[in-house]
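Asks: need a structure here:
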Amino acid sequence: MDGINDENTFLLDDELHSDTDISSNYLDYSLNDSCSELSSGEDLSSARIFTEVDVKNLPVPCPRFKFTGIPSVHIQFGDTSDILKFYETFFDSSLMSKIVEETNKYAKQCIQSSVARQFSKSKFWEETTVEELHVIFALNILQGIVKKPRIDHYWSKRY
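Replies: Down below sits the predicted model:
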């Protein structure tokens with residue numbers, strides 16, 4: 001690998017399959033300014049050094065933090081007969097808009113990066129809408145309520 005500098009750690013190609021000590025194959029790592037989450041005073045170079053792990057004698061895992069909250073529903077519903085309020089609590093307009101935006105962006109990337117065959121459905125792709133996404137989510141929720149013997153039966157007009 002050409003272009004190795006002192007700001008990155010790489011395992012060199014000729015050292016990849018050598019029998020030498022693994023830790024000697026790595027160069028020192030120094031952080032650059034691109035890591036915005038880390039403070040400039042933190043030294044993480046020791047965390048970048050490879051160490052072998054004995055799978056027969058694994059280290060003790062870190063202790064879990066004890067949950068200190070009070071489990072409960074923190075949303076107040078005045079009229080519990082309105083099922084759509086429950087749905088809209090979890091699938092609000094900003095979430096649905098973001099899913100539609102990312103779905104359309106992904107579809108566009110896929111279509112542009114591939115060569116469509118003569119009768120490909122991708123030639124007729126239309127951007128999805130929030131309304132269509134609500135329908136898909138509703139159908140998926142209904143699949144948990146209305147039981148069908150096979151998945152394709154949910155999408156068939158015959159069943």
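Asks: make it CA atoms for all contacts and neighbour counts henceforth
Replies: Fine.
Asks: which helices and strands sit right next to the host helix or strand of Ser94?
Replies: Using DSSP states H and E, Ser94 maps to helix 93-113. With contacts taken as 3 or more Cα pairs under 8 Å, 6 or more residues apart in numbering; DSSP states H and E, helix 93-113 sits against helix 130-143.
Asks: got the contact list for the helix it packs on?
Replies: 96-97, 100, 154 (Cα atoms under 8 Å, 6 or more residues apart in numbering).
Asks: which pair of those residues spans the longest distance?
Replies: Of all pairs drawn from those, the greatest distance, 25.5 Å, lies between Ser97 and Tyr154 (Cα to Cα).
Asks: pLDDT weak spots in this protein?
Replies: With pLDDT under 70 as the threshold, the chain has low-confidence stretches at 1-43, 79-81, 159.
Asks: and the strands in it?
Replies: Along the chain, counting by DSSP state E, no stretch forms strands.
Asks: tell me the spacing between Ser72 and Phe90.
Replies: In this view, Ser72 and Phe90 are 16 Å apart by Cα to Cα, to the nearest Å.
Asks: look at those two and report which has more neighbours.
Replies: In this view Ser72 and Phe90 are compared by other Cα atoms under 10 Å, and Phe90 has more residues nearby, 10 against 6.
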